[in-house]
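Asker: Here is a sequence together with a model predicted from it:
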Number of protein chains: 2
Amino acid sequence: MTAAANQSGRRPTTSRRLERAGIRDVAAAAGVSITTVSDALNGKGRLPDETRSRVREVAERLGYRPSAAARTLRTGRSGLIGLTVTTYGEEPFTFTEFAYFAEMARAATSAALGRGYALVVLPASSRHDVWGNIALDGTVVIDPPDQDPLVSELYRSGVPVVSDGKPGNCPVTAWVDNDHEAAVLGILDHLSEAGARRIGLLTGTSTDTYTRLSTEAYLGWCAKVGQEPVYEAYPAHDPAAGAVAADRLLARPDRPDAVYGLFDPNGTDLLAAARRYGLRVPDDLLLVCCSESDVYATTEPPITTLSLKPRRIGTTVVNLLIDAIEGVDSGTGVDIARLFPPRFRTAGTGPPPGTLMPTELIVRASSQRRSPRTTVSPPRPPGEV
Amino acid sequence: MTAAANQSGRRPTTSRRLERAGIRDVAAAAGVSITTVSDALNGKGRLPDETRSRVREVAERLGYRPSAAARTLRTGRSGLIGLTVTTYGEEPFTFTEFAYFAEMARAATSAALGRGYALVVLPASSRHDVWGNIALDGTVVIDPPDQDPLVSELYRSGVPVVSDGKPGNCPVTAWVDNDHEAAVLGILDHLSEAGARRIGLLTGTSTDTYTRLSTEAYLGWCAKVGQEPVYEAYPAHDPAAGAVAADRLLARPDRPDAVYGLFDPNGTDLLAAARRYGLRVPDDLLLVCCSESDVYATTEPPITTLSLKPRRIGTTVVNLLIDAIEGVDSGTGVDIARLFPPRFRTAGTGPPPGTLMPTELIVRASSQRRSPRTTVSPPRPPGEV
DNA sequence: CACTCGCGGAGAAACGTATCTCCAAGGGCT
DNA sequence: AGCCCTTGGAGATACGTTTCTCCGCGAGTG
């Protein structure tokens, strides 16, 4: 019927200014009800294809764009995922400072978008302001410290949290981490096989999981093989401190004949320090550092690096989070971990399901005693090409 | 059917499960109206301090968190800003690939948070899906191409857009860019003064503003001083292609005695190529490249770089955008550019207000003839000062 | 013929907040 | 005494969706 005029029933249609078209306008223009429009556009109800396409066409003609805010309010889902890094001090962002974070964030963003979610970058130390003003379906937390208040708050709010880095004592829904212990042990073995007698460590003073687990693994290994630990620790966010620490390590009376550096810039710093002390690499000093950068392929000599494969981590973290978001009856805010799809659970136990991902050791000249100097099959790294 | 539903007016209070507390619950618990709670929490109405603090306390006790979605729907503001990079092909993200983007994004994120907004990273090429599902108060667009459909769409939706990179023909609210022409001319003059007779350019094949303006400035300069242009172009996203192009440039019969490389990795590529051809830097070849990385401070020799100061750009872009968002009566979706605060307008004209920001040339050894060697007036290029 | 059943679709109730309008009471002023 | 103004606060509505419920109707079916 000619319902076009009064379709809105009690709505004061006259008050509509030049605002954007709403679903009501589409309904009126197409001569159907709001329900039908919603169903047609979302592919939901039982409608003949003809109605569906007609509605779609009208919507297109009016330039109709559904209001994300209204949809979020109604459905309880925003399609937004928070990404935050909590450790490493108060400075706005260590993102991109360490290549690991940059790569990881990029992969996470990509993975999220592939599943229809977008990532919001948030600082852990932000005024409650920003966190409270954003409707988040879930959050990725990078390396939460023990008892992280932010994670607790999110948990209380019923927001699923997946952490990159095995959480100390936080109620996370799930977590993903590298097998840092295996990685360090692998490197130490690798160096030993290359002839190292005393392996030193360049580590950090912060208490994040990565630093802690790696250092513990080193100390444990030392105890096992009966080597006195030789290490220097420095605040990892301070690039200058790294160079100084590298220097200190090589200046010690019990100077190591091999060093593993836990952080990205350690490789060049150690190389520079070695040069200062007249040490040749790898002849007098074997070198390995953890880095995602390929500049170490072109240093002189090229340096063996451990890659944490941040892309894989980022992708996995996001997928776990979205699985949690979509796998849960979002009404019940309680004990999301219990409702988590069982396939992600760790073997037998209760508390949050975690996944350990392997690392990759990229063996270059710095960790191999000069063989015949040519490229005749150097010893291969354990599992990689 | 069920008559026992109605308790508080018409609301079926019994249906409230274990959901989170809403503003109504706070109002009930505090014995005041919803209005009062809202006013008290937002510091808005006229209320005695006593009422205000009492309401706040009750809200705290109930763990009340306002719904961001509802607030967004009501106020029309989400506190979310989109960040997108449109050029450089289809790959998910060139973010962090070039240090410029990484730095710029970081600064933008920081600036936004400082003003209470959060950044959402979005790909320009995304399915309309994601863009439509997010309530954005505005968008930062990095380097939009001419007639960018994304920008047009945003404009039509009434979303303010500020671009990093002078837009070709897009309805942006404002833009920020470096003074690329001045930068290139400055470098060319710098190289001339250092004794260069024939300056080459390593540029890109893409059509983004940066590449275009820089190349044009180079060609213009060549025409003015009467030098035959010597340049090689390659697809900037392909790192391998860069090395090849650098090699090509130095292999030419009309080999330049100075080169400016527009992209970050060009410095090391050119250095490597020079080495292959037995050219000494800076003696036989002067080198400058555009980069934000400080690795060029430690190359052998250190390389002069042009910094685009991405942090300043990112900060400025975001501040302009937020000014636009907050300075406009968001009801009227029309012609936001007109309503833009006049102080940001360019001198006389109409179309979108833009800001040119200076660059910074960091002079290192690669662009200076060794002092003792040729300190005395090398032959000057024809028409130069 | 009375009935069920599937189809196509309409109505209206939320979702949770911000805000506009309006009201009551008390006190100062002319 | 009548009036206005300020203070403190309540009611109701709108924001724009999604979705649950329900309804009419024509066609099979016993």
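Answerer: Okay, I see it.
Asker: Now do the same for the nearest residue to residue A:306 once chain neighbours are set aside: its pLDDT.
Answerer: Leaving aside its chain neighbours, residue A:306 sits nearest to residue A:290 (4.5 Å; criterion: C-beta to C-beta, 6 or more residues apart in numbering or on different chains). For the C-beta atoms, the positions are set from N, CA and C on the backbone; glycine is no exception. Note for residue A:290: predicted pLDDT of 96.
Asker: Contact residues of the stretch 51-200 of chain A facing DNA strand D?
Answerer: A:64-67, A:69-71, A:73-75 (C-beta under 7 Å from any atom of the strand).
Asker: Those residues, buried ones only, as a PyMOL selection?
Answerer: To isolate the buried members of those in PyMOL, using 16 or more other C-beta atoms under 10 Å in any protein chain shown:
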select buried, chain A and resi 64+65+66+67+69+70+71+73
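Asker: Can you narrow the residues of the stretch 51-200 of chain A next to DNA strand D down to the ones near chain B?
Answerer: Restricting those to those within reach of chain B (C-beta under 8 Å from any C-beta of the partner chain) leaves A:65-67, A:69-71, A:73.
Asker: which one among those gets closest to DNA strand C?
Answerer: Among these, residue A:73 lies closest to DNA strand C (C-beta to the nearest atom of the strand), at 4.2 Å.
Asker: Okay, and the closest one sits in which element?
Answerer: helix A:68-75 (DSSP states H and E).
Asker: That helix and DNA strand C, are they touching?
Answerer: Yes - Helix A:68-75 reaches DNA strand C (C-beta under 7 Å from any atom of the strand) through A:70, A:73-74.
Asker: Can you tell me which helices and strands that helix packs against?
Answerer: The contact analysis (3 or more C-beta pairs under 8 Å, 6 or more residues apart in numbering or on different chains; DSSP states H and E) places helix A:68-75 against helix B:68-75.
Asker: Please work out which residues outside the helix it packs on touch it.
Answerer: Contact partners of helix B:68-75, identified using C-beta atoms under 8 Å, 6 or more residues apart in numbering or on different chains, comprise A:67, A:69-70, A:72-73, A:76, A:78, A:132-135, B:78-79, B:135.
Asker: still on that earlier bit, assess the claim that the residue nearest to residue A:306 and residue A:265 are in contact.
Answerer: No - between residue A:290 and residue A:265 there is no contact under C-beta atoms under 8 Å: 10.5 Å.
Asker: For these two, work out which one has more neighbours and name it.
Answerer: residue A:290 (27 against 17; other C-beta atoms under 10 Å in any protein chain shown).
Asker: low pLDDT regions in chain A?
Answerer: Within chain A, the ranges that satisfy pLDDT under 70 run A:1-19, A:87-97, A:126-128, A:328-351, A:370-385.
Asker: Could you rerun that using 80?
Answerer: Applying pLDDT under 80 to chain A picks out residues A:1-19, A:85-98, A:125-129, A:237, A:239, A:328-352, A:370-385.
Asker: tell me the centre residue of it?
Answerer: Residue closest to the mean C-alpha point of chain A, counted by C-alpha atoms, centre = their mean, is residue A:314 at 4.2 Å.
Asker: Please tell me how far the residue of chain A found nearest DNA strand C sits from DNA strand D.
Answerer: Nearest to DNA strand C, among the residues of chain A, is residue A:33, at 3.0 Å (C-beta to the nearest atom of the strand). Residue A:33 is 8 Å from DNA strand D, where distance means C-beta to the nearest atom of the strand, to the nearest Å.
Asker: where along the stretch 251-385 of chain A do the strands fall?
Answerer: Secondary structure of the stretch 251-385 of chain A (DSSP state E, counting those that start in this stretch): strands located at A:258-261, A:286-290, A:304-307, A:354-357, A:360-362.
Asker: Please tabulate those strands in TSV, including the columns distance to residue A:201.
Answerer: Shown next, in TSV, are the strands of the stretch 251-385 of chain A (distance: least, C-beta to C-beta, whole Å):
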stretch	distance to residue A:201
strand A:258-261	6
strand A:286-290	10
strand A:304-307	13
strand A:354-357	22
strand A:360-362	16
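Asker: what's the closest of the ones you listed to residue A:152?
Answerer: strand A:354-357 (18.5 Å; C-beta to C-beta).
Asker: Just checking: what are the partner strands of the closest one?
Answerer: Each strand paired with strand A:354-357, and its direction, by DSSP bridges: strand A:174-178 (parallel).
Asker: quick check: angle from the partner strand to strand A:286-290?
Answerer: With axes from the mean of the first three to the mean of the last three C-alpha atoms, to 10 degrees as the basis, strand A:174-178 and strand A:286-290 are set at 160 degrees to each other.
Asker: The strand or helix carrying residue A:121: partners in the sheet, and parallel or antiparallel?
Answerer: Per DSSP H and E: residue A:121 is located in strand A:118-123. Strand pairing for strand A:118-123, determined by DSSP bridges: strand A:80-85 (parallel), strand B:118-123 (antiparallel).
Asker: For the first one, give me every contacting residue.
Answerer: Contact with strand A:80-85 is made by A:93-95, A:101, A:105, A:108-109, A:112, A:117-124, A:131, A:134-143, A:150, A:318, A:321-322, B:120, B:134, as judged by C-beta under 8 Å, 6+ apart.
Asker: cool, the last one as well?
Answerer: Residues outside strand B:118-123 that contact it (C-beta under 8 Å, 6+ apart): A:80, A:109, A:113, A:118-122, A:130, A:133-134, B:79-85, B:92-93, B:95, B:105, B:108-109, B:112-113, B:130-131, B:134, B:136, B:140.
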